[in-house]
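Following is a predicted model, sequence given first.
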Amino acid sequence: MRITIFGTGYVGLVTGTCLAEVGNDVICVDVDAAKVARLNDGEIPIFEPGLDELVRDNRAAGRLHFTTAAEPAIAHGQMVFIAVGTPPDEDGSADLSHVLTVARSIGQHITRYTVVVNKSTVPVGTADRVRAAISAELLIRGLDVPFDVVSNPEFLKEGDAVKDCLRPDRIILGADSARAIEAIKALYAPFNRNHERLVLMDVRSAELTKYAANAMLATKISFMNEMANIAEHVGADIELVRIGIGSDPRIGYSFIYPGAGYGGSCFPKDVQALERTARAHGYNARVLSAVEAVNVDQKDKLFVLIERHFGGDLAGKTIALWGLAFKPNTDDMREAPSRRLLEQLWAAGAKVRAYDPEARHEAARLYGEHAGLLLCEHPHDALEHADALVIVTEWKEFWSPDFERIKATLKSPVIFDGRNIYEPRTVEAAGIAYYGIGRGRSL
Ligand code: NAD
């Protein structure tokens, strides 16, 4: 099939590439000319395992193209995907300006039946707005071109995006047109072979499904962070509690890790946007407000522990920070807990030596000029001249460090483990003070 994708970010680039991989002819459009130029030079602007190779192969096969030109791209696509950003507005609701710009552009250029597929995470009712924007442009052109708008929210996880896209757990499709449903079913057939993954529903339910999924996951994290804070107060170890409750199959072990707060481009904005949507419809979503409030506080947690350890005086201290990305296997630092921590440490007069396997270039883009930040090429370089080590992202390479070397290098050996990846007694046995999240101990 001939496919057009608007947006070459984490979702658009991965989706376009995976659709090309199964034989479709894909054009990806982005307004960011520099990004398109890099892609056309064979450079991948994001770190996503397996993506480089797939983009290279599909470009070489002539099935994957990148452009800034909307008009020919819309003429190309039998299906046009919207995969542009929906960042938070000033009040936390989703900013739909990019989505609606694309919708208007589709209305200005379509010439024959087109299925418009919305992949961006958008509030309930957005498909109606996209439809209205396209119709308004067609009216201006005096044309009556048939089209359908369907909702097909994306569930890929950064760091696993290629795998998630090629082997999705489920394909949510919100649609009310038989013609569009058949087209989407045919498109996804290669990803849906060994068992049925396509869940068909009405458009509004599909739009809400995406927010409900992210809100549920964010709730699990904030719930565990709340339990961790209680554990600390009462002298219990949240890691034992986690294993204890996860053994109940109704609860399960996944996504119940306490930590330094959730970040990324999705959970914070989606929880807020859903709460704002509910409010706009006259409903006060109390659980969502609490999930967000707990997370905001949790992002202060590491700083509070560090400040307390150093008697409230961080001026002139140097802190080694391992992990900048909001989670492992990505270079994405949007809403990352590391960012709040960096800014708090600098405000308190501390300097930071930071290491991250993939997010250093992103940190340099965000903070390259900051005198309080030294980006290191190796985890051990970050420890040099540092007073303390803080684990912010649980990259695999941090899990079994040389504690002897850490002790010998740090000025006053102490680890703040924002992801509970170490066993406190192991660290303490190496002569290093240890702080985790919710690791009060009564034994
Ligand atoms: P992103 O910021 O990485 O990429 C968005 C891209 O859209 C950018 O390259 C931007 O230049 C481009 N763009 C903006 N306006 C445009 C226009 N008018 N025409 C063409 N391109 C335009 O965003 P993302 O992380 O890929 O997320 C996209 C959407 O998917 C969001 O709604 C997000 O909530 C949702 N989503 C993201 C993830 C994720 O893990 N990142 C997962 C599921 C869903």
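The structure has been received and is ready for your questions. Numbering: from 1, shown residues only.

mind checking which helix or strand Pro168 is in?
Following DSSP states H and E, there is no helix or strand that holds Pro168.

Please verify my assumption that it contacts Phe155.
Yes - assessed by C-beta atoms under 8 Å, Pro168 is found in contact with Phe155 at 6.8 Å. Quick note: C-beta positions are derived from backbone N, CA and C, even for glycine.

give the contact list for Arg112.
By C-beta atoms under 8 Å, 6 or more residues apart in numbering, Arg112 lies in contact with Val145.

Go again with 10 Å.
By C-beta atoms under 10 Å, 6 or more residues apart in numbering, Arg112 lies in contact with 75, 78, 145-147.

The ligand: which of the residues you listed is nearest?
Of all the contacts of Arg112, the ligand sits closest to Ala75, with 15.6 Å by C-beta to the nearest ligand atom.

ok, now which ones touch that closest one?
Contact partners of Ala75, counting by C-beta under 10 Å, 6+ apart, are 2, 4, 27, 69, 109-112, 114.

Is it correct that it falls within a helix?
Yes - assessed by DSSP: H, G, I helix; E, B strand; the rest coil, Ala75 belongs to a helix.

residue boundaries of the helices in the stretch 101-250 of the chain?
For the stretch 101-250 of the chain, the helices defined by DSSP state H, counting those that start in this stretch cover 126-141, 161-166, 178-188, 203-234, 238-246.

I should have written the stretch 301-443 of the chain there, sorry.
301-309, 337-347, 360-367, 379-383, 403-409, 424-429.

Please tabulate these in TSV, including the columns distance to the ligand and mean neighbour count.
Shown next, in TSV, are the helices of the stretch 301-443 of the chain (distance: least, C-beta to the nearest ligand atom, whole Å; neighbours: other C-beta atoms under 10 Å):
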stretch	distance to the ligand	mean neighbour count
helix 301-309	24	19
helix 337-347	16	21
helix 360-367	12	17
helix 379-383	26	21
helix 403-409	33	16
helix 424-429	33	15
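
TSV for these, including mean pLDDT?
Converted to TSV, the helices of the stretch 301-443 of the chain look like this (pLDDT from 0 to 100):
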stretch	mean pLDDT
helix 301-309	97
helix 337-347	98
helix 360-367	96
helix 379-383	98
helix 403-409	98
helix 424-429	96
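
Make sure Val26 is indeed in a strand.
Yes - per three-state DSSP, Val26 lies within a strand segment.

beta partners of it?
In this entry, Val26 is beta-bridged to Ile3, Leu64, by DSSP bridges.

My guess is it contacts Arg63. True?
Yes - the pair Val26 / Arg63 is scored as a contact, 6.2 Å apart, by C-beta atoms under 10 Å.

So which of those two has more stuff around it?
Using other C-beta atoms under 10 Å, the more surrounded residue of Val26 and Arg63 is Val26, with 26 against 20.

Please name the residues that touch the more buried one.
Going by C-beta under 10 Å, 6+ apart, Val26 touches 1-5, 15-20, 58, 63-66, 73, 76-77, 81.

What separation do you get for the closest residue to Arg419 other than its chain neighbours and the ligand?
Nearest residue to Arg419 in three dimensions, chain neighbours excluded: Glu394, at 3.9 Å (C-beta to C-beta, 6 or more residues apart in numbering). The gap separating Glu394 from the ligand is 18 Å, by C-beta to the nearest ligand atom, to the nearest Å.

Where does pLDDT dip in the protein?
Applying pLDDT under 70 to the chain picks out residues 442-443.

how many neighbours does the residue lying closest to Val22 once chain neighbours are set aside have?
Spatial nearest neighbour of Val22, chain neighbours left out: Pro190 (4.2 Å); criterion: C-beta to C-beta, 6+ apart. By other C-beta under 10 Å, 14 other residues sit near Pro190.

wait, Phe310 sits on Ala388?
Yes - taking contacts as C-beta under 10 Å, Phe310 lies within contact range of Ala388: 7.9 Å.

one step back: among the contacts of Ala75, name the buried ones.
Among the contacts of Ala75, those buried by neighbour count (16 or more other C-beta atoms under 10 Å) are 4, 27, 109-110, 114.

And the residues you listed, which two are furthest apart?
Across those, the longest distance by C-beta to C-beta is 14.3 Å; it joins Ile27 and Ile110.

what sits against the nearest residue in space to Trp395 that is not next to it in sequence?
Distances taken as C-beta to C-beta, 6+ apart place Pro328 nearest to Trp395, at 4.6 Å, with adjacent residues excluded. Pro328 makes contact with 158-159, 356-358, 393-398, 419 under the criterion C-beta under 10 Å, 6+ apart.

and the gap between Pro328 and Val11?
With distances taken as C-beta to C-beta, to the nearest Å, Pro328 is found 19 Å from Val11.

which ones are touching the closest residue to the ligand within the stretch 1-150 of the chain?
In the stretch 1-150 of the chain, the residue found nearest to the ligand is Gly9; the distance is 1.8 Å by C-beta to the nearest ligand atom. By C-beta under 10 Å, 6+ apart, the contact list for Gly9 reads 30, 32, 35, 45-46, 83-85, 120, 265, 332.

Of these, which are in range of the ligand?
Near the ligand, taking C-beta under 6 Å from any ligand atom as the test, the members of these found are 30, 32, 35, 83-85, 120, 265.

Would you mind giving the domain segments of this protein?
For the chain, automatic domain parsing gives the domain ranges 2-201, 202-443.

Just confirm Ser93 contacts His281, I think it does.
No - if you go by C-beta under 10 Å, Ser93 and His281 don't touch, sitting 11.9 Å apart.

Export the buried ones among the contacts of Ala75 as JSON lines, with columns for distance to the ligand.
Formatted as JSON lines, the buried ones among the contacts of Ala75 follow (distance: C-beta to the nearest ligand atom, whole Å):
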{"residue": "Thr4", "distance to the ligand": "10"}
{"residue": "Ile27", "distance to the ligand": "11"}
{"residue": "His109", "distance to the ligand": "12"}
{"residue": "Ile110", "distance to the ligand": "15"}
{"residue": "Thr114", "distance to the ligand": "16"}
